[in-house]
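Novice: here is my input, please return the structure:
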Amino acid sequence: MANQTDLAHRSNGRIEAVQEREPVVPVVDVYESGDELLLLVDVPGATNEGIDVRLDKGQLTILAKRREDAPGSQLMAEYRPSDYLRVFSVPQGIDPSKIDAQLSSGVLRLRLPKSESVKPRRIEVKQG
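Specialist: Next up, the predicted model:
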């Protein structure tokens, strides 16, 4: 029983804090056409393996981890090690099975295709 009391006094009822890298909000350009939403997300230093894109309950979450393996020894650092995090509310009518993500030169290109039911369509008028 004394050991349990000692542990309670030592921990003061607090859960141990874990160091995490501070997230940075990436710059994003959003475009809309009749067929899709296009997001261009600036994530310099991220790799394909370090990017996690999820669509859940109408929220698109983009998490990108910067790599830290730089060649040579560091002479100066102007930013803290951090990751990118951005969350968007996605309108209904996006087809989640057709979302496409590509990373090129530090820019993540996300294509969110609209489902056929929300795309604008032209109604043909027939002779009556």
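Novice: please count neighbours and contacts with C-alpha atoms only from this point.
Specialist: Fine.
Novice: list the neighbouring strands of the longest strand along the chain plus their orientation.
Specialist: When the chain is parsed with DSSP state E, its longest strand is strand 46-56. If you go by DSSP bridges, strand 46-56 pairs up with strand 59-66 (antiparallel).
Novice: can you list the strands that the helix or strand following the partner strand pairs with?
Specialist: Sequence order places strand 82-89 as the next helix or strand after strand 59-66, per DSSP states H and E. Paired strands of strand 82-89, with direction, are strand 22-24 (parallel), strand 59-66 (antiparallel) (DSSP bridges).
Novice: one step back: how distant is the longest strand of the chain from the center of its chain?
Specialist: How far strand 46-56 lies from its chain's middle: 6 Å, per Cα atoms, centre = their mean, to the nearest Å.
Novice: stretch 73-91 now?
Specialist: Counting by Cα atoms, centre = their mean, stretch 73-91 is centred 11 Å from the centre of its parent chain.
Novice: start and end of that stretch, how far apart?
Specialist: Length of stretch 73-91, first residue to last, Cα to Cα, to the nearest Å: 46 Å.
Novice: over to stretch 96-107?
Specialist: 21 Å.
Novice: including mean neighbour count, distance to residue 123 and mean pLDDT, could the strands paired with strand 82-89 go into a markdown table?
Specialist: Formatted as a markdown table, the strands paired with strand 82-89 follow (neighbours: other Cα atoms under 10 Å; distance: least, Cα to Cα, whole Å; pLDDT from 0 to 100):
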| stretch | mean neighbour count | distance to residue 123 | mean pLDDT |
| --- | --- | --- | --- |
| strand 22-24 | 14 | 46 | 86 |
| strand 59-66 | 19 | 32 | 93 |
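Novice: can you lay out those strands as TSV showing distance to residue 115?
Specialist: As requested, the strands paired with strand 82-89 are exported to TSV (distance: least, Cα to Cα, whole Å):
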stretch	distance to residue 115
strand 22-24	32
strand 59-66	16
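Novice: any idea which of those gets closest to residue 111?
Specialist: strand 59-66 (11.9 Å; Cα to Cα).
Novice: got a pLDDT number for residue 12?
Specialist: The confidence metric pLDDT takes the value 52 at residue 12.
Novice: good, wrapping up.
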